[in-house]
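Chemist: compute the structure for the input listed below.
(3 chains)
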Amino acid sequence: MSWTDERVELLKKMWGEGQSASQIAKELGGVTRNAVIGKVHRLGLSNRAGAAGTAKAEPKPAPKAEAAKPKPAAKAAAPAKPSKPEVVMETKSATPPPSPRKQIIPAGQPLPPQPSANEISPEALAKVNAVEKKAKKLSLMELTERTCKWPVGDPATENFWFCGLPVQQGKPYCEAHVGVAFQPMSARRDRRR
DNA sequence: CCCTGATTCGC
DNA sequence: GCGAATCAGG
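Modeler: Have a look, this model is predicted:
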């Protein structure tokens, strides 16, 4: 493969968007991330700083392209569904890990955390809520050994997906989900009922 | 171990 | 100019 104009443009575009070299390479195909990085340097756009030479470029917002058209919506629909405060911190009905009902959540090997007597740190929960918005929302088949396998939503529903963010090293989940999946086992054991 | 970008250097 | 190998970090 050679660096045709189109390919270079895509490279510039993606690099500008903050995509990683490996992602760009994958997208382009036929090249490795090294090739991409090498090209990036030769093009002089190592980082998104002012490569032009004089003017200092602004930090540039670099929005994460978020085209969102989940549903063709044959009819008007209400796509916006705030959040469901199902995670309470008062009554004891918290259910941080998704509720797999009696369904078997198919996962490569690791199983999603089964809800247990739990009360995850509010921080971790907040983190997860935030992260779920950035989740890549992968389908079962899209999961790999390196994508967070934290299930979100109801398996019996349309909107059910797996986090998909990069996992934390060996773990089956991303950092945020690891945070709620693996509790220090310190907090309290269980509410003395 | 996974990943990131940066650099080098033979081609 | 190209990019694998290597380096340096996270």
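Chemist: which stretches of chain A form helices?
Modeler: Assigned by DSSP state H, the helices in chain A fall at A:5-16, A:21-28, A:33-43, A:122-134, A:175-181.
Chemist: next, format the ones you listed as a markdown table and append mean neighbour count.
Modeler: Bear in mind the C-beta positions are built from the backbone N, C-alpha and C, glycine included. Formatted as a markdown table, the helices of chain A follow (neighbours: other Cβ atoms under 10 Å):
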| stretch | mean neighbour count |
| --- | --- |
| helix A:5-16 | 15 |
| helix A:21-28 | 18 |
| helix A:33-43 | 15 |
| helix A:122-134 | 15 |
| helix A:175-181 | 22 |
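Chemist: wait, which of these is closest to A:Met141?
Modeler: helix A:21-28 (17.4 Å; Cβ to Cβ).
Chemist: then the closest one to PDB, C-alphas only?
Modeler: Coordinates of each C-alpha in helix A:21-28 appear next as PDB, following Å, rounded to 0.1, in the frame of the first residue of the first chain:
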ATOM      1  CA  ALA A  21      -1.900   5.400  15.300                       C
ATOM      2  CA  SER A  22      -3.000   1.900  15.600                       C
ATOM      3  CA  GLN A  23      -6.600   2.700  15.000                       C
ATOM      4  CA  ILE A  24      -5.700   4.700  12.000                       C
ATOM      5  CA  ALA A  25      -3.600   1.900  10.700                       C
ATOM      6  CA  LYS A  26      -6.400  -0.500  11.200                       C
ATOM      7  CA  GLU A  27      -8.800   1.800   9.400                       C
ATOM      8  CA  LEU A  28      -6.400   2.300   6.500                       C
END
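Chemist: any idea of the angle that helix forms with helix A:5-16?
Modeler: Counting by axes from the mean of the first three to the mean of the last three Cα atoms, to 10 degrees, helix A:21-28 lies at 150 degrees to helix A:5-16.
Chemist: packing partners of the least confident helix or strand in chain A by mean pLDDT?
Modeler: Of all the helices and strands that make up chain A, helix A:122-134 has the lowest average by mean pLDDT, DSSP states H and E, namely a mean of 78. Where contact means 3 or more Cβ pairs under 8 Å, 6 or more residues apart in numbering; DSSP states H and E, helix A:122-134 is packed against helix A:175-181.
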